[in-house]
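Asks: Got a predicted structure plus its sequence, pasted below:
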Amino acid sequence: QVPLVESGGGLVQPGGSLTLSCAASAFSVNYYAIGWFRQAPGKEREEVSCISSSDGSEYYADSVKGRFSISKNKSKNTVYLQIHSLKPEDTAVYYCATDRPQCPIGSWPKNGYWGLGTQVTVFT
């Protein structure tokens, strides 16, 4: 069973919006931070946002501040990433992952939990 399942990706025109979901099944988001990572073709995977477990504090990479918004629904054990004003450079596979309670996750948590990703493509 995959511990984290991402959904909500798709094809979007520049300036559009998407909401990605990350549903946790192996643990509670009350005890683990959830980080959103993305990997564009030919580029390294980078953490773009994160929400901490207990206090819900948020982290955003400079490249997405003001356009991305992270939130969570504890009763659904799900974390959301709202993406606004999409740009072609946002095209990537988006993953959620964690290995700790506080943000940021930092580097890819090889020994933690992660999902299989959801593709976001911004096209003109």
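Replies: That came through fine. Numbering: from 1, shown residues only.

Asks: Tell me the predicted confidence for the residue sitting nearest the centre point of the chain.
Replies: Most central in the chain under CA atoms, centre = their mean is Trp36, positioned 2.4 Å from the mean C-alpha point. Trp36 is assigned a predicted lDDT (pLDDT) of 98.

Asks: Look up which helix or strand it falls in, please.
Replies: Element membership for Trp36, per DSSP states H and E: strand 34-39.

Asks: what's the following helix or strand after that strand?
Replies: On the C-terminal side of strand 34-39, the nearest following helix or strand under DSSP H and E is strand 46-51.

Asks: and that next one, which strands flank it?
Replies: Paired strands of strand 46-51, with direction, are strand 34-39 (antiparallel), strand 58-60 (antiparallel) (DSSP bridges).

Asks: now, of the ones you listed, which is deepest in the fold?
Replies: Across the strands paired with strand 46-51, averaging neighbours per residue (mean count of other CB atoms under 10 Å) puts strand 34-39 on top, at a mean of 24. (Glycine included, C-beta is placed from N, CA and C.)

Asks: which outside residues touch that strand?
Replies: 4, 20, 22, 24, 45-51, 59, 68, 70, 72, 79, 81, 90, 92-98, 103-105, 108-109, 117, 120 (CB atoms under 8 Å, 6 or more residues apart in numbering).

Asks: which stretches of this protein form strands?
Replies: Applying DSSP state E to the chain gives strands spanning 4-7, 10-12, 18-24, 34-39, 46-51, 58-60, 68-73, 78-83, 92-98, 113-114, 118-122.

Asks: what's the average pLDDT for the first one?
Replies: Along strand 4-7, the predicted confidence averages to a pLDDT of 98.

Asks: packing partners for it?
Replies: Strand 4-7 sits against strand 18-24, strand 92-98, with contacts defined as 3 or more CB pairs under 8 Å, 6 or more residues apart in numbering; DSSP states H and E.
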